[in-house]
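A.B. asks: turn this into a model:
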Amino acid sequence: MEVTMRNKLLLVCLIALLFIVAGCNRGTSHPSATGNMTPEQIPFVIFLQNAEEGSQINSDSAYLCRFDTLTGRISIDEPALFRRITQEPYNFRMIWDGEKKIMIGSTSFEDSLKLESINTDYTIKKPEANEVTFCVVIKNTSGEAKAYNEEDKVIASFENGEKQILAPPLPSGANQPQPLLLSGDEHNYRILIAFDVPSSEKKNEMVGKLLIANVKDDRIEWQEVRGEYGSFIAGAGSNTAKIGENIYITGCGGNVSVLNLQQDSPMLEEYKPANDLLLPLSDKFQEAPIQPHFGAYKNYLLVTVQNSEEKWLWILKDNIFLGKVHVNILRNQIDSYLANKQIETKPLPLKASTDLLQLPMDTCGTWK
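C.D. replies: Okay, here's the model as predicted:
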């Protein structure tokens, strides 16, 4: 009898110990940066100056790089994608889905820009002078689409020749609406539209507002994004990316917000995973405000910023920070990290230019 009681007591103690251990493990677990995720090669482009033409402004070449989400290492492909030559300062922008076709965004210096294709596996195209090539040019399930404004109207134009004129319900005193992002196809699509309007809360102050046009065939449903914000179109404007049902957008002071399209009454919310990464850089942006730019690739959100001496690129997925790329322009080297662990540092083969790292937008393109 005594032995039986002792065995029962030991069994009870063992079960209690197992519960304690399990509870401790639950309380101290952390999401893994790479666990349960398929390894991916995240593409981005860096511009390196042509050694023989260092005296020319922006005479450089575009090199395709890849960040490995499993190892944290960076590869730089040879040969370069293309070479560009211009004697003018150039605000450069690529419209690219991360694959083999690239459109170069137009600027006021377009006539002075020369592009020479180097890697024949890639098709490089400059737009015609009257083509709309901003981030509202979207690749969708049926091909291409673009959205643009004509006075107080927004026009959605599709590859099959169909056009739809939308009349946003703008309040009194609003300026022209500016489409920021379009997604879907000609039968079922959304457009995110920004405009500035006199504030209802602050006298003599203009604020930014957002509208969502939900279009199904000929039926249009308008949703107002609640709240008043800084302008999304003044100055350099805002930057946007769409992943799933979330739109990521920059605001005043470089803050990143997220808009969930599934909300019945949508409202911008702070996107803390990105803002937590940007906050430590505030001391490096005293002369000019920080301006994040987004990329999107296979459900990965990419965020890049730069100043005159450094460039940063962060890779996030499902709100988890996976890795970072850092370019030191003064030392001409590139570093890579998995989460906050440095993996490698290596010199760049040529001097880095002052352009932003160019990121793919897998919802943004110009053709199939």
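
A.B. asks: ok, which stretches of the stretch 251-368 of the chain are strands?
C.D. replies: With DSSP state E, counting those that start in this stretch as the criterion, the stretch 251-368 of the chain has strands at 256-260, 269-270, 293-297, 300-306, 310-317, 320-328, 333-338, 341-347.

A.B. asks: now the angle from the third one to strand 310-317?
C.D. replies: Between strand 293-297 and strand 310-317, the angle comes out at 40 degrees (axes from the mean of the first three to the mean of the last three C-alpha atoms, to 10 degrees).

A.B. asks: and for the longest one?
C.D. replies: Here strand 320-328 points in a direction 160 degrees away from that of strand 310-317 (the same axes, to 10 degrees).

A.B. asks: partner strands of strand 320-328, with direction?
C.D. replies: Here strand 320-328 is paired, per DSSP bridges, with strand 310-317 (antiparallel), strand 333-338 (antiparallel).

A.B. asks: likewise for the shortest one?
C.D. replies: Strands adjacent to strand 269-270 in the sheet, as given by DSSP bridges, are strand 256-260 (antiparallel).

A.B. asks: tabulate the strands of the stretch 251-368 of the chain (CSV), appending mean neighbour count and mean pLDDT.
C.D. replies: Where C-beta positions appear, they are placed from N, C-alpha and C, glycine not excepted. Shown next, in CSV, are those (neighbours: other C-beta atoms under 10 Å; pLDDT from 0 to 100):
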stretch, mean neighbour count, mean pLDDT
strand 256-260, 19, 96
strand 269-270, 12, 96
strand 293-297, 22, 92
strand 300-306, 23, 96
strand 310-317, 21, 97
strand 320-328, 20, 97
strand 333-338, 19, 98
strand 341-347, 12, 96
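
A.B. asks: list the contacts of V325.
C.D. replies: 44, 65, 67, 74, 311-313, 315, 334-337, 357 (C-beta atoms under 8 Å, 6 or more residues apart in numbering).

A.B. asks: try 7 Å
C.D. replies: Neighbour list for V325: 67, 74, 313, 334, 336 [criterion: C-beta atoms under 7 Å, 6 or more residues apart in numbering].

A.B. asks: relative to G254, which of the strands paired with strand 320-328 is closest?
C.D. replies: Distance to G254, taken as C-beta to C-beta, is lowest for strand 310-317 among the strands paired with strand 320-328, at 12.2 Å.

A.B. asks: next, the angle from that closest one to strand 300-306.
C.D. replies: Angle, strand 310-317 to strand 300-306, by the same axes, to 10 degrees: 170 degrees.

A.B. asks: chain center to strand 310-317: distance?
C.D. replies: Centre-to-centre, strand 310-317 and its host chain are 10 Å apart (C-alpha atoms, centre = their mean, to the nearest Å).

A.B. asks: same check, this time on stretch 237-250
C.D. replies: In terms of C-alpha atoms, centre = their mean, the centre of stretch 237-250 is set 7 Å apart from its chain centre.

A.B. asks: repeat that for stretch 211-228.
C.D. replies: 23 Å.

A.B. asks: mind checking which of the strands paired with strand 320-328 is nearest R219?
C.D. replies: Nearest of those (C-beta to C-beta): strand 310-317, 34.4 Å.

A.B. asks: need the strands paired with strand 320-328 in JSON lines (columns: distance to E205).
C.D. replies: Formatted as JSON lines, the strands paired with strand 320-328 follow (distance: least, C-beta to C-beta, whole Å):
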{"stretch": "strand 310-317", "distance to E205": "33"}
{"stretch": "strand 333-338", "distance to E205": "41"}
